[in-house]
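Novice: Build me a structure from this.
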Amino acid sequence: MNPTDKQRRHFLQGAALAVSAGALSRAGAASLPEAALQTSAATQPPLQPANGRPYQPVVTLNGWSLPWRMKNGVKEFHLVAEAVEREIAPGMKARLWGYNGQSPGPTIEVVEGDRVRIFVTNKLPEATSVHWHGQRLPNGMDGVSGLTQPAIPPGKTYVYEFTAKRAGTFMYHPHADEMVQMAMGMMGFWVTHPRDPGFMRVDRDFVFLMNAYDIAPGAAVPKVSTMLDFNLWTWNSRAFPGIDPLVVRQNDRVRIRVGNLTMTNHPLHLHGHEFSVTGTDGGWVPPSARWPEVTTDIAVGQMRAIEFDATEEGDWALHCHKAHHTMNAMGHDVPTMIGVDQSKVVNKISRLIPDYMVMGDKGGSMGEMEMPLPDNTLPMMTGRGPYGPIEMGGMFSTVKVRRTLARDDYRDPGWYRAPAGTVAREWQGEMPEARRATPDRPGSSGPATLEVIKPGGHQGHH
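Specialist: This next block holds a predicted model:
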């Protein structure tokens, strides 16, 4: 076949695909499954399967799972790509793009071997597509506009259909004007449960996506050309203190599945427990390949499932270990003033600005101070705990382990009441005199050395 014939054949195949997709859209319009809508930012109870194969449902942090209908043995879902309003945290709302009323969109839950049909209606002002990240499926269902399908025009509905071939943890997001659409919040979680409900079974199974936004103070629409300097680091488009706690019973086996759709990696750290990475977007990790961790790094585009036994009661922090990812509304051009003596300029400035305060010379803690902020923005560090300001924002939440919870109770139990004598406290006793540096020899004015006493009574080591 000469190059001209080959090009003609590829063109005809593409044209046939476009006609087929359009025909499916028209044929299905009269019998589309309902497009469920959710606007609440609260974590919704797990969606128990009403039909189809049995499975243990997941809990989407500050989100929900999408209902489906069974039609001739096929599990049908309906996603609507549309403009949404999302509360990032109390006091700030963002105008984003998402699915079915929220960003991220609803979690899709199916079972290994299910035949799945997803209708996607585009209510955006531009074309879109949906890529089913990590799935094994026919090439024409992979959702890369221009490569595997025509993009979905505004106002049109396309349908994707494939068999969920392997159990695991996945995502969905556009592959059309991807930088803009993902910067605007278009993404969602997908879980394919094992055919055997007893395989890798846990007591509580949480999911959330890591995403990030650049929204100037006072604005509501993200900047879509930002590469790295984001000022809002979020889980499921929520920033602390807007992120709900992960509530578990003591001694529960807990799984947390996390996907990263930001532009940088995130070392996820859990306090008070060790965990193992038991799954990736490539599948389950064999037991022989696991090891204990308290932090795991999740790279861009990756999924991780971690598991642990919640043996220790309390309120345990769960957060990204990049310090600037646990802050909100960051100012990247703010100078460091630690140790700078501002006393000479304070009087001069106070004459012009009577309420002027010296800030930053002793560190960044805001303590109990409340300062006026622009409309629709968040403090850098906010949220309160039982002992005062937590001084965290962004990618931070708590795993609340309680002994008295019921099996399916996910309600926030409030703050942990520590038993007497188990909370760090101020020392009220005598303070020993600090050991001082001594000269090399009596009467010497040479360099001083610090005397160190080693364990076991060995003295004189310098």
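Novice: how about the helices in this structure?
Specialist: Under the criterion DSSP state H, helices of the chain are mapped to 3-28, 178-183, 343-352.
Novice: Now the first one: average pLDDT?
Specialist: In other words, helix 3-28. In this model, helix 3-28 has an average pLDDT of 41.
Novice: likewise stretch 231-251?
Specialist: 97.
Novice: show me where pLDDT drops low in the chain?
Specialist: Low-confidence segments of the chain (pLDDT under 70): 1-30, 330-344, 346, 349-350, 353-371, 381, 437-462.
Novice: run the last query once more with 80
Specialist: 1-30, 329-373, 380-382, 434-462 (pLDDT under 80).
Novice: buried residues in the longest strand that it contains?
Specialist: Ordering each strand of the chain by length in residues (DSSP state E) puts strand 74-89 first. Neighbour-count burial for strand 74-89, counted by 16 or more other Cβ atoms under 10 Å, picks out 75-82, 84, 86-89. (C-beta placed from N, C-alpha, C; glycine too.)
Novice: would you list those residues in a markdown table and tack on distance to Gly414?
Specialist: As requested, these are exported to a markdown table (distance: Cβ to Cβ, whole Å):
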| residue | distance to Gly414 |
| --- | --- |
| Lys75 | 38 |
| Glu76 | 40 |
| Phe77 | 36 |
| His78 | 38 |
| Leu79 | 36 |
| Val80 | 36 |
| Ala81 | 38 |
| Glu82 | 36 |
| Val84 | 30 |
| Arg86 | 26 |
| Glu87 | 22 |
| Ile88 | 24 |
| Ala89 | 19 |
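Novice: Listing partners with orientation, what would you give for the longest strand of the chain?
Specialist: Here strand 74-89 has these sheet partners by DSSP bridges: strand 69-71 (antiparallel), strand 92-99 (antiparallel), strand 115-122 (parallel).
Novice: which residues touch the first one?
Specialist: Right, strand 69-71. Contact with strand 69-71 is made by 33-34, 51-52, 75-76, 117, as judged by Cβ atoms under 8 Å, 6 or more residues apart in numbering.
Novice: Greatest separation within those: which pair is it?
Specialist: Greatest spatial distance in those: Glu34 and Gly52, 16.7 Å, computed using Cβ to Cβ.
Novice: Who has more neighbours out of the two?
Specialist: The neighbour comparison of Glu34 against Gly52 (other Cβ atoms under 10 Å) goes to Gly52, with 15 against 10.
Novice: Report the contact partners of the more buried one.
Specialist: Contacts for Gly52 were tallied using Cβ under 8 Å, 6+ apart; they are 68, 70, 75, 111, 114.
Novice: count of residues packed around the second one?
Specialist: Applying other Cβ under 10 Å, we find 13 other residues in the vicinity of Met70.
Novice: Report the separation between it and Pro57.
Specialist: Going from Met70 to Pro57 by Cβ to Cβ, to the nearest Å gives 16 Å.
Novice: and stretch 125-135, how far from the chain's centre?
Specialist: Taking the mean of its C-alpha atoms, stretch 125-135 sits 20 Å from the chain's own mean (Cα atoms, centre = their mean, to the nearest Å).
Novice: Need the contact partners of it.
Specialist: Contacts to stretch 125-135, defined as Cβ under 8 Å, 6+ apart, come from residues 79, 81, 118, 120, 122, 141-145, 149, 151-154, 160, 162, 164-165, 168-177, 181, 186, 190, 281-282, 301, 303.
Novice: Regarding it, how distant is the last residue from the first?
Specialist: Between the start and the finish of stretch 125-135 there is a gap of 28 Å, counting by Cα to Cα, to the nearest Å.
Novice: Please look at Glu313 and Val399 and confirm they touch.
Specialist: No - with contacts counted by Cβ atoms under 8 Å, Glu313 stays clear of Val399, the gap being 10.9 Å.
Novice: Looking at these two, which is more packed in?
Specialist: More crowded of Glu313 and Val399, by other Cβ under 10 Å: Val399, with 24 against 19.
Novice: Is it correct that that one is in contact with Asp244?
Specialist: No - applying Cβ under 8 Å, one finds Val399 not in contact with Asp244, separated by 11.2 Å.
Novice: List the buried residues in stretch 53-66.
Specialist: Neighbour counts using 16+ other Cβ under 10 Å place 53, 55-66 of stretch 53-66 among the buried residues.
Novice: tell me the two of those that are most distant?
Specialist: Farthest pair in these, by Cβ to Cβ: Arg53 and Asn62, 27.3 Å.
Novice: about what we covered before: now render the contacts of strand 69-71 as JSON lines, adding distance to Arg257.
Specialist: Formatted as JSON lines, these follow (distance: Cβ to Cβ, whole Å):
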{"residue": "Pro33", "distance to Arg257": "25"}
{"residue": "Glu34", "distance to Arg257": "27"}
{"residue": "Asn51", "distance to Arg257": "24"}
{"residue": "Gly52", "distance to Arg257": "21"}
{"residue": "Lys75", "distance to Arg257": "20"}
{"residue": "Glu76", "distance to Arg257": "24"}
{"residue": "Arg117", "distance to Arg257": "24"}
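Novice: so Val58 sits right up against Val202, yeah?
Specialist: No - counting by Cβ under 8 Å, Val58 stays clear of Val202, with 9.8 Å between them.
Novice: how many other residues sit next to His269?
Specialist: Counted with other Cβ under 10 Å, the neighbours of His269 add up to 15.
Novice: That one contacts Val294, correct?
Specialist: Yes - His269 lies in contact with Val294 (Cβ under 8 Å); the separation is 6.3 Å.
Novice: What is the neighbour count of Trp415?
Specialist: Trp415 has 15 neighbours, counted by other Cβ under 10 Å.
Novice: Chain neighbours aside, what residue packs nearest to it?
Specialist: Excluding the flanking residues, the one nearest Trp415 by Cβ to Cβ, 6 or more residues apart in numbering is Pro386, at 4.1 Å.
Novice: Surely the one you found and Gly314 touch.
Specialist: No - counting by Cβ under 8 Å, Pro386 stays clear of Gly314, with 11.3 Å between them.
Novice: neighbour count winner among these two?
Specialist: Counted by other Cβ under 10 Å, Pro386 and Gly314 do not tie: Gly314 has more neighbours, with 18 against 12.
Novice: Tell me how many other residues crowd the nearest residue to the more buried one once chain neighbours are set aside.
Specialist: Distances taken as Cβ to Cβ, 6+ apart place Tyr416 nearest to Gly314, at 4.9 Å, with adjacent residues excluded. Neighbour count of Tyr416, defined by other Cβ under 10 Å: 16.
Novice: All good on my end, thank you.
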